[in-house]
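In: okay, here's the prediction I keep looking at, along with the sequence it came from:
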Amino acid sequence: MNDADNNEIKRACRAGIVVPALLFLFSLLVTTALLIDSGLSVSLSLILSLLATLIFSASVNFIINRKYYLDIRDKEKDEVISFIQEKQKKQDFEAGSGSLGRPMNEFIRYDIIVNNVIYKVDEKFFNECAEGDRIILYFARHSRYLLGFELKKNKQL
């Protein structure tokens with residue numbers, strides 16, 4: 001894996017960091033409210049509950065991101081060679097763009113179907129490929145996160 005692939009996987013880890021952080025901050029707010037309510041007397045149960053939520057948040061982070069962390073550590077990716085089953089070009093609309101009587105913003109979406117999975121591609125790639133062309137899909141080894149794809153024009157691989 002190159003640095004761009006590594007950065008893409010690190011970007012995918014964000015949800016696994018934000019969710020546990022919000023859980024811990026919520027528990028910290030509750031603990032602070034209880035601390036203020038009890039007259040600022042720190043008790044052992046209050047400290048233990050804060051420590052338990054910290055451990056729980058770290059565990060949630062690990063559960064969500066463990067395969068991404070393995071990919072970052074091992075820096076390996078797999079290649080899957082397949083065929084483009086179908087190409088789709090369709091008009092779509094931006095979510096949330098139409099408000100107060102304004103029409104929704106339109107755009108053209110370019111998709112290819114490989115192994116019964118739809119992948120969104122850019123217009124240039126869409127125009128270069130054809131149904132039946134061979135394509136190489138690159139996945140992170142542990143998380144199976146799609147890192148990219150490459151078109152193989154020659155039919156003899």
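Out: Cool, the structure landed.
In: could you count how many residues lie near residue 58?
Out: The burial count assigned to residue 58 is 12, neighbours taken as other Cβ atoms under 10 Å. In short, each C-beta sits where N, CA and C put it, glycine included.
In: before we move on, what about the one 5 residues further on?
Out: Burial measure for residue 63: 11 neighbouring residues, criterion other Cβ under 10 Å.
In: and it, how close does it get to residue 72?
Out: According to Cβ to Cβ, to the nearest Å, residue 63 and residue 72 sit 16 Å apart.
In: kindly report the same for residue 89.
Out: Using Cβ to Cβ, residue 89 is found at 36 Å from residue 72.
In: so what's residue 84 up against?
Out: For residue 84, the contacting residues are 112, 113, 114, 129, 130, 131, 132, 133, 134, 135, by Cβ atoms under 8 Å, 6 or more residues apart in numbering.
In: just give me the longest helix of the protein.
Out: Assignment by DSSP state H gives helix 44-74 as the longest helix of the chain.
In: next one: it to chain centre, how far?
Out: Distance of helix 44-74 from the chain centroid (Cα atoms, centre = their mean, to the nearest Å) equals 19 Å.
In: check which helices and strands it sits against.
Out: For helix 44-74, the contact count by 3 or more Cβ pairs under 8 Å, 6 or more residues apart in numbering; DSSP states H and E identifies helix 3-12, helix 14-37 as packing neighbours.
In: now the angle between helix 3-12 and the worst-scoring helix or strand of the chain on mean pLDDT, please.
Out: Lowest by mean pLDDT, DSSP states H and E among the helices and strands of the chain is helix 14-37, with a mean of 89. Helix 14-37 and helix 3-12 are oriented at 40 degrees to each other (axes from the mean of the first three to the mean of the last three Cα atoms, to 10 degrees).
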